[in-house]
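*Asks:* need a structure here:
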Amino acid sequence: MNFSSLGLAPELLQAIEACGYTEMTPVQEQAIVPARRGKDVLANAQTGTGKTAAFALPILQQMIDKPRTAPSKSPRTVILTPTRELAEQLAQTIGDYAQFLPFSITAVYGGVKMGGQERKLKAGVDILIATPGRLMEHITQCNVELSASEFVVLDEADRMLDMGFIEDVKTIFQRTAKKRQTLLFSATISPAVNELAHKILHNHQEVRVAKLNAAADTVNHVVYPVDERSKIDLFMNLLEEQNWFQILVFTSTKEQADRLLSDLKLRKVTAAVCHGDKSQGTRRRALAEFKAGDIQILIATEVAARGLDIQGLEYVLNFNLPYLAEDYVHRIGRAGRAGNEGFAISFVSREEERTLDNIERLIGGRIARVFQPGFEVSNRDRLIKNVAQKQRPSRANKSSQTRIEGKSSNPSAGKANKPASVKSKKSVAPKKPKHKNKK
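*Replies:* Numbers count the residues shown, from 1 in each chain. Sure, this is the predicted structure:
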């Protein structure tokens with residue numbers, strides 16, 4: 001289905017053509033028409049499916065159809081999003097859609113000074129894109145009021161709930177117009193998202209274009225079992241062997257990200273890091289350098305797991321698995337976007353196997369294992385068997401010792417048992433895995 005069949009304003013069609021769009025994606029086909037008619041929408045759509053256009057285009061069209069008759073300090077549209085990176089990206093993308101329209105668009109988020117944002121808000125804005133925490137700061141300081149906001153969008157609603165923004169979101173909604181249109185977009189539909197949807201949506205239409213909590217079909221998954229201490233060596237081995245040029249690498253903590261960056265720099269690999277302790281300017285610069293191909297590896301934590309749109313990115317590596325299985329879906333969503341093929345690689349240590357089980361249950365399938373020569377880990381079943389064998393003689397010896405002390409008149413029996421127990425314990429100690437020597 002083509003955008004030209006929607007009867008959009010010439011300015012919007014011109015912008016769509018300038019963006020290189022022709023045919024609509026499934027989420028756009030299902031969401032644009034009811035949203036344009038003013039219905040509330042609950043949309044379950046993975047990242048990279050074109051959902052920004054699915055909510056932005058119908059709102060822009062309605063703003064054209066029903067222009068404001070009087071100036072107002074309240075933005076007509078409020079779009080809430082969980083991270084500063086996504087807020088910036090939305091401002092850029094929606095700005096492209098509105099490039100031939102007289103609407104002002106502003107993004108406000110934490111990590112930068114409020115002064116510049118305050119001036120823009122007080123000057124008046126048509127479309128406000130904000131992270132919940134920073135918007136609450138501006139509301140508290142009376143820099144903006146939302147009583148005349150007609151359109152409200154929750155983008156990445158599940159992530160906002162995970163990050164603890166629920167109370168801020170509820171407060172913000174209470175300050176918007178009672179007669180408003182609400183569009184809620186979420187990559188996963190959890191019980192918490194459902195509960196929120198029923199509180200803020202009215203007579204809404206549901207749009208589901210992806211399997212529940214599923215990864216994109218265009219992404220190929222693979223797991224490398226490896227000891228935690230050998231992950232960096234395995235990474236260097238695969239970088240050379242697979243000839244990966246650009247790869248987005250996720251760690252679970254900022255400390256892991258910084259440590260990996262140091263290890264890569266020691267090995268003369270160009271890399272940058274993007275996490276919450278870095279300033280907005282540093283993070284923006286790292287992302288720009290990665291997109292431009294100036295650095296080979298971008299290391300990120302969950303703060304960058306959603307909303308990053310990196311054209312042509314093929315490879316995403318989970319250097320450490322996420323704590324929540326749902327975050328795996330969002331991480332790997334950076335690859336295989338807009339129908340392109342992508343590859344999700346995960347390094348999984350023994351300590352992360354339970355998390356891997358949760359991920360496989362979530363996505364509904366077993367991920368293929370690849371055992372890289374020189375980085376083998378001990379067999380799990382054999383390890384469990386060895387532990388059991390080690391424990392059984394210990395219990396037997398303890399029972400034998402009890403009988404000797406309580407009933408036996410042979411003083412040498414206890415002495416015979418003691419070295420046997422020690423010998424048994426040493427004989428089942430697991431051997432250390434061999435590692436490939438660094439060249």
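*Asks:* for the rest of this, base every contact and every neighbour count on C-alpha atoms.
*Replies:* Will do.
*Asks:* kindly export the host helix or strand of residue 291 (C-alpha atoms) in PDB.
*Replies:* For residue 291, the element it lies in under DSSP states H and E is helix 280-292. The C-alpha coordinates for helix 280-292 follow below in PDB (Å, rounded to 0.1, in the frame of the first residue of the first chain):
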ATOM      1  CA  GLN A 280      25.300  14.000  26.200                       C
ATOM      2  CA  GLY A 281      27.900  15.500  23.900                       C
ATOM      3  CA  THR A 282      30.300  12.600  24.300                       C
ATOM      4  CA  ARG A 283      27.500  10.100  23.600                       C
ATOM      5  CA  ARG A 284      26.300  12.000  20.500                       C
ATOM      6  CA  ARG A 285      29.900  12.200  19.200                       C
ATOM      7  CA  ALA A 286      30.500   8.500  19.700                       C
ATOM      8  CA  LEU A 287      27.300   7.600  17.900                       C
ATOM      9  CA  ALA A 288      28.100  10.000  15.000                       C
ATOM     10  CA  GLU A 289      31.600   8.600  14.600                       C
ATOM     11  CA  PHE A 290      30.300   5.000  14.600                       C
ATOM     12  CA  LYS A 291      27.600   5.900  12.000                       C
ATOM     13  CA  ALA A 292      30.300   7.600   9.900                       C
END
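*Asks:* correct me, but residue 38 touches residue 181?
*Replies:* Yes. Residue 38 is in contact with residue 181 according to C-alpha atoms under 8 Å; the separation is 6.3 Å.
*Asks:* sketch out the low-pLDDT regions of the stretch 251-400 of the chain for me.
*Replies:* Residues of the stretch 251-400 of the chain meeting the criterion pLDDT under 70: 303-309, 336-340, 378-400.
*Asks:* strands of that one, start to end?
*Replies:* Secondary structure of the stretch 251-400 of the chain by DSSP state E, counting those that start in this stretch: the strands cover 271-274, 297-300, 315-318, 342-348, 368-369.
*Asks:* dump those into a markdown table; add mean neighbour count and distance to residue 232 as well.
*Replies:* As requested, the strands of the stretch 251-400 of the chain are exported to a markdown table (neighbours: other C-alpha atoms under 10 Å; distance: least, C-alpha to C-alpha, whole Å):
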| stretch | mean neighbour count | distance to residue 232 |
| --- | --- | --- |
| strand 271-274 | 23 | 14 |
| strand 297-300 | 24 | 13 |
| strand 315-318 | 23 | 12 |
| strand 342-348 | 22 | 10 |
| strand 368-369 | 12 | 18 |
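*Asks:* for residue 54, find the nearest of those.
*Replies:* Of all the strands of the stretch 251-400 of the chain, it is strand 342-348 that lies closest to residue 54, at 23.2 Å by C-alpha to C-alpha.
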